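# Got a predicted model here, sequence first, then my questions.
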Amino acid sequence: MRILAYGVAGWLILAGAYGMVRSRNLVHVTVCLSVAQSGTYVLLLAIGYQWGAPAPVFSPGSPIKLPVVDSVVQSLAFTDIVVSATVTALLLALAIQIHKTHRTLDPDELQSLKG
Amino acid sequence: MTLLLGAGLVLILGALAPAVWLGVRGSALERLVGLQMAGAVLVPVLLLLTYGYGQSSYLIVPLVLAVLSFAGVLVFLRLLDSRS
Amino acid sequence: MNAALIAVSLLLVAAAGTAVVATNDPGRQAVSLSALGVALALLFFVLQAPDVALSQIAVGTALVPLMVLLAVRKTGK
Amino acid sequence: MSRRARQAVFGTGAAVLAVLFALAAAGLPPFGGDQHPYRDRAVAAALHQATANVVASLTFDLRGLDTLGEEMILLGSVVGAVALLRPRPDEKPHADDKTSRPQQDAVALISYVFLPLTLLLGFDLLVHGHLTPGGGFQGGVVLATGLHLLYLSGGYDALRRLRPLAWYEWVEGLTTAAFALAGTANLVNFLPHGRVQQLFSAGTVPILNILVGFAVGAGAVVLLAQFLTQAITLEGEG
Amino acid sequence: MLPAAIALPLLAGALLLAVGRHLPRLLADSAALLIAAAVAVLTGLVAIEATGGRLVTWAGTWRPVGIVLVADPLGAGLACLAALLTCCAMLYSRRYLEDAGTHFHVLMLLFLGGMTGFALTGDLFNMFVFFELMGAVAYALTGMRIEEPGSVQGAFNFAVINSLGAYLTLAGIALLYARTGELGMPQAGVALAGHRADATVVAAFVFVAAGLLVKAAVAPMHFWLADAHAVAPAPVCMLLSGVMVELGLYGVLRVYQVVFAGTIPQAVVTRAWVVLGLLTALVGSLMCAGQRHLKRLLAYSTIAHGGLFLAAAGLGAAGPIAGVALGVAGHAGAKGALFGVCGLLLDRHHSVDEGELHGRGGGWREPSCWLFLAAGLLLTGLPPFGPGLGKVVAEEGAWWLPAVSLLVSSITGGAVLRAGLRVFLGWGRRLPPPRPDQTYGGDESPETEEPLPRTPKSMLAALALLLAGSAAAGVTPRLAEWAGRGAAMFLDRGDYLRQALTGAAGHPPATVPEVGWTTSGVLLGLLATAGALAVAALQLRAGEAGVSEPGPLRRLHLGHIGDYVAWLFAGVATLAVLIGSSLI
């Protein structure tokens, strides 16, 4: 299970980055970036898991029982998700403006920054 | 408990996985069908797992999923529709 | 049973993620990204993180794909 | 670089890093183990603060500074996206838009049914964030999504009428400021904690949840509005 | 006091957003300026107080659970530098980007809050959050001029590469958390201390360093910087070049010192920093020499200086670190002033292209001519001013440093002087029109709403202040002494851990390096200036050849996002090999 969990996390990061390397569209680059980031969520939550422990939420009506799974990584993953959404929004906004000024989103055809 | 979790697992393998598979293949509209199915199947899966884990507070998750995935698919449909 | 659930969810996420990256047309990618969001929500749920699953559902299956689709609509014309 | 050269450079780097990552993962404690020292301290602190949802406690109380930063990232991105997507001088909104037509009756009906349901669900997430899974962020996004169901039922015009953007920017700015203030003050959780698992417990956590919920909801609405405007109404050379 | 220094600009930014649309521009300007000044005073006081012992605050009362903020002289000093630069940038930008309204001010204040938070935090994840805050705001600020093709593309490249770096950093933080179960830097440092540097520790370090090195524009992860700095509005460039790059450097050194120094030996990382630093200095200098786009030229000069800083500070000795601290302060002022003058040129002539502006800068009677040339001279390391003192002190670290520093200063300083002489005085041969593989700086839209009839006094005042600050960094003995103490405290790991974890009273460092001008230092500084003048003269005579450069290197810098991602991975892999190979 260790191999699978960490492997999937690493795979998502690498696959996302590879998608960015071979991409022909900046919106595609943005989506690949968010796939790469989802690798970090998987990594974080995999680290915090504990067999047989429930979520760190002691809801009303149920007794307070320990242990629970690691709440810290959940808080981190949660922050991470919000960060990802905001960065994606900014990148998409930039992509829209790039399309307006360049008439293309293909990185091979963008020519304004050289040397 | 294990029975419920097992039922969830069967549903994941038998319905959710094919739905996600549909969601990543073909044209945008074909994918949308898969997405709609995945959202619809995930709700009972999460319900089964909630009872399987014996954590009633998890129920909020399928509830939110049911509402949002439905709304999401409708918005998608509308945007894809007026594009083509 | 937990192990099987986690393993299946992990594989589902890996497959969906790979498929999203491999899709070249961003319009289709937006829909598949939403499907990846669904798979991730399941994974977070079986990893006992309902809080994170909720935000993934809210952000990853609705908000972000919607923005992607709107951007595609604007730039695809 | 040529495509091939680029992929070769990437492949080499990625291979090295993949090996490093694999070795690193092999040296980690086993998956699902019980060694989580920070978790143990956090759970104890959360219970001491009478916060039943430990994740909420970490987010809004114990590690509140992270959330302050995160909230500011959100604010900065919204402001940034608004600034980046501001209409250029040569762009004007065009009046006739086929997407502004109301949708078919069935869809409209469904949307009207779902709208109050979604809003209620959003509020529920906000109010019980310290007790059950959920909280300000999720609730805020659900509220914003609920509002955008209007787009389905009444068309884009109905949405625009119900969504005076200046007003949302106010809400966004003020609630963010309120959050910053409360968050700074909350660097000490100064309200009475109450008893764990009660609605009125956890001190400032539920208040922050609600504030954040409105801030996030307003932010998401403003953000989506920018994209909708770009995609649907702006004509120009674009 | 520390949470206030972080929260004040953030809070003010949020409030400004709420009321901004009804605020007259002048009021918004003054408010933002005032807040930045208040943060500068606050962090300045903290920095001075910290020379007697670090200031430690736990955000929240949750000593073992919450987030620890630790201010030592270098960290607080950097925060103060960021606030001072923000002041100058706000003063300079009174007439800037008027169609963006108060959004510009809000973003600048959030940017400042992100930088102070990054400099003062003692917690890894909190560092990541502020790193992202700096980033997200900077991406938006860079792309502000939405009708410029270069501007939006540069901002996009900046955003993608920095975000990818940040995610690698987060992965590293996750690995470290899995290993130690801690997020606080001092706690993690204690948990790691005495353990062998196995693959997990190395991987955690390499990944955490990745994002920070990207921010510090270390080759081959530097590509985004030239793109972003060439296109960002001038006041934003002041902050990006003057302090954000240096914050990346600070972050990586700080993380090593506090978390990993007990596990990975200093000699191992020194080797990596020296190799990467020299590579960066070389690439930056070569690319700098051949630019005709003025802002791109300055950007490559920043890269070269960053490499020099990394190589010197990476030695892990107090003397060089003190030198780098002074050098960073001096560099920030001089480079800020240079970017400011470029903004003026852009406003007046709609161009920042050296060939196109030939002789059009306005001659000796134009104040910006003096500012530009003076800043260029400062940048070469002319004694007795700030950048020079920094370089001289830093050079005492290793025998090869003076030679490298001489080379970098001569080439980059020479390029700046050459450009200034050509643009303002019309010296040298005329440049031919740009080749298709060069970035052309002409035909850009100005950053002000309408052309300014004459340069507003506020702009000139901001530039003069920057220059004065840069010069003063070299002739203020107190500052040099503080830098020396700060450097000694930066390296005193045991004391950091003890103070952060137990709240014990701090004590001043035992040994403080001597920081000041020496005879050999003055000679070296003069030599560098002379070298720069010689390079400038050569390039002016050479004309076309003066702005050409090695071809293959230029062909790597094409603004292609796929290339940049590939090099990012190659760069992180290089670091991994450099560290890993000497541990096996």
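Structure's in. What do you need?

# Mind checking if the helix or strand harbouring A:Ala93 is in reach of chain B?
Secondary structure from DSSP states H and E places A:Ala93 in helix A:71-102. No: Helix A:71-102 stays clear of chain B (CB under 8 Å from any CB of the partner chain), getting no nearer than 13.5 Å. The way it works is simple: take the backbone N, C-alpha and C, and place the C-beta from them, glycine included.

# How far off centre is that helix?
Centroid separation for helix A:71-102 versus its chain: 9 Å, with CA atoms, centre = their mean, to the nearest Å.

# again with stretch D:1-9
Put simply, stretch D:1-9 sits 38 Å off its chain's centre (CA atoms, centre = their mean).

# I'd like to know the average pLDDT value across it.
Here stretch D:1-9 scores 92 as its mean pLDDT.

# Give me the residues contacting it.
Stretch D:1-9 has contacts (CB atoms under 8 Å, 6 or more residues apart in numbering or on different chains) with A:Val21, A:Arg22, E:Arg555, E:Leu556, E:Leu558, E:His560, E:Gly562, E:Asp563, E:Ala566, E:Trp567, E:Phe569, E:Ala570.

# For PyMOL, write the select line for the buried members of those.
The following PyMOL line selects those of the contacts of stretch D:1-9 that are buried, judged by 16 or more other CB atoms under 10 Å in any protein chain shown:
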select buried, (chain A and resi 21+22) or (chain E and resi 556+558+560+562+563+566+567+569+570)
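
# Out of the contacts of stretch D:1-9, which is nearest to chain B?
Using CB to the nearest CB, A:Arg22 is the member of those that lies nearest chain B, at 17.9 Å.

# Need phi/psi at that closest one.
phi -100, psi 10 (degrees, to the nearest 10).

# shaky segments in the chain?
I'll assume chain A. A:115 (pLDDT under 70).

# nope, chain D
For chain D, applying pLDDT under 70 flags the ranges D:92-105, D:151-169, D:179-180, D:182-190, D:197, D:233-238.

# Now with 80, please.
D:87-113, D:129-130, D:146-204, D:231-238 (pLDDT under 80).

# ok, the spatially most central residue of it - contacts?
The centroid of chain D falls nearest to D:Phe137 when counting by CA atoms, centre = their mean (4.4 Å). Contacts for D:Phe137 were tallied using CB under 8 Å, 6+ apart; they are A:Phe78, A:Val82, C:Ser55, C:Ala58, D:Val212, D:Gly213, D:Val216.

# Mind telling me what element it is part of?
Assigned by DSSP H and E, D:Phe137 falls in helix D:136-161.

# Please compute how far stretch E:150-169 lies from its chain's middle.
On CA atoms, centre = their mean, the centre of stretch E:150-169 falls 16 Å from the chain's centre.

# Please see if that stretch touches chain A.
Yes: with CB under 8 Å from any CB as the criterion, chain A is reached by stretch E:150-169 at E:150, E:152-157, E:159-160, E:163-164, E:167-168.

# I'd like the residues you listed written out as TSV, with secondary structure, distance to A:Ile3 and pLDDT added.
Putting these into TSV (DSSP: H, G, I helix; E, B strand; the rest coil; distance: CB to CB, whole Å; pLDDT from 0 to 100) gives the following:
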residue	secondary structure	distance to A:Ile3	pLDDT
E:Gly150	helix	46	87
E:Val152	helix	42	92
E:Gln153	helix	41	93
E:Gly154	helix	41	93
E:Ala155	helix	39	95
E:Phe156	helix	36	95
E:Asn157	helix	35	95
E:Ala159	helix	33	96
E:Val160	helix	30	96
E:Ser163	helix	28	96
E:Leu164	helix	25	96
E:Tyr167	helix	22	96
E:Leu168	helix	21	96
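
# ok, now how distant is the residue most central in space within chain A from chain B?
Nearest residue to the geometric centre of chain A (CA atoms, centre = their mean): A:Gln37, 2.2 Å. Distance, A:Gln37 to chain B, using CB to the nearest CB, to the nearest Å: 19 Å.

# In contact with the residue lying closest to that residue once chain neighbours are set aside: list those residues for me.
Leaving aside its chain neighbours, A:Gln37 sits nearest to A:Ser84 (4.8 Å; criterion: CB to CB, 6 or more residues apart in numbering or on different chains). Contact analysis of A:Ser84 by CB under 8 Å, 6+ apart lists A:Ser34, A:Gln37, A:Ser38, C:Val59, C:Val64.

# For the last one, what is the enclosing helix or strand?
Just to be clear, that refers to C:Val64. helix C:64-76.

# For chain C, what's the nearest residue on chain A?
For chain A, CB to the nearest CB, closest residue to chain C: A:Gly19, 3.6 Å.

# Test my guess that that residue contacts A:His28.
Yes: between A:Gly19 and A:His28 there is a contact at 7.1 Å, judged by CB atoms under 8 Å.

# Surely A:Ile64 is in a helix?
No: counting by DSSP: H, G, I helix; E, B strand; the rest coil, A:Ile64 is located in no helix; its state is coil.

# Around the closest residue to it other than its chain neighbours, count how many other residues there are.
Counting by CB to CB, 6+ apart, A:Ile64 lies nearest to A:Phe58, which is 4.8 Å off, once chain neighbours are set aside. Neighbour count of A:Phe58, defined by other CB atoms under 10 Å in any protein chain shown: 25.

# List the contacts of A:Phe58.
Applying CB under 8 Å, 6+ apart, the residues near A:Phe58 are A:Ile64, D:Leu47, D:Ala52, D:Asn53, D:Val54, D:Val196, D:Gln197.

# The fifth one: how many residues sit nearby?
The tally of other residues near D:Val54 (other CB under 10 Å) stands at 29.

# what's the single longest helix in chain B?
helix B:28-53 (DSSP state H).

# For that helix, buried residues please.
Under 16+ other CB under 10 Å, the buried positions of helix B:28-53 are B:28, B:31-53.

# Could you report the pLDDT at the nearest residue to A:Thr101 once chain neighbours are set aside?
Excluding its sequence neighbours, the residue lying closest to A:Thr101 (CB to CB, 6+ apart) is E:Pro149, at 4.1 Å. E:Pro149 carries a pLDDT value of 86.

# list the contacts for E:Pro149?
Counting by CB under 8 Å, 6+ apart, E:Pro149 has contacts A:Ile98, A:Thr101, A:His102, A:Ser112.

# change it to 10 Å
A:Gln97, A:Ile98, A:Lys100, A:Thr101, A:His102, A:Arg103, A:Leu110, A:Gln111, A:Ser112, A:Leu113, E:Val231, E:Glu444 (CB atoms under 10 Å, 6 or more residues apart in numbering or on different chains).

# Now it, what are its backbone angles?
Here E:Pro149 shows phi and psi, under degrees, to the nearest 10, equal to phi -60, psi -40.

# how about the CA coordinates for the lowest-mean-pLDDT helix or strand in chain B, as CSV?
Averaged element by element with mean pLDDT, DSSP states H and E, chain B has its least confident helix or strand at helix B:60-83 (a mean of 80). The C-alpha coordinates for helix B:60-83 follow below in CSV (Å, rounded to 0.1, in the frame of the first residue of the first chain):
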residue,chain,number,x,y,z
ILE,B,60,-23.0,16.0,4.6
VAL,B,61,-20.5,15.0,1.8
PRO,B,62,-22.9,13.0,-0.4
LEU,B,63,-25.6,15.6,0.2
VAL,B,64,-23.3,18.4,-1.1
LEU,B,65,-22.1,16.2,-3.9
ALA,B,66,-25.6,15.4,-5.0
VAL,B,67,-26.5,19.1,-5.2
LEU,B,68,-23.3,20.4,-6.8
SER,B,69,-22.7,17.7,-9.3
PHE,B,70,-26.2,18.1,-10.6
ALA,B,71,-25.8,21.8,-10.9
GLY,B,72,-22.3,21.5,-12.4
VAL,B,73,-23.5,19.2,-15.1
LEU,B,74,-26.3,21.5,-16.0
VAL,B,75,-23.9,24.5,-16.3
PHE,B,76,-21.5,22.4,-18.3
LEU,B,77,-24.3,21.3,-20.6
ARG,B,78,-25.4,24.8,-21.2
LEU,B,79,-21.9,26.1,-22.0
LEU,B,80,-21.0,23.2,-24.2
ASP,B,81,-24.4,23.4,-25.9
SER,B,82,-24.1,27.1,-26.8
ARG,B,83,-20.6,26.6,-28.0
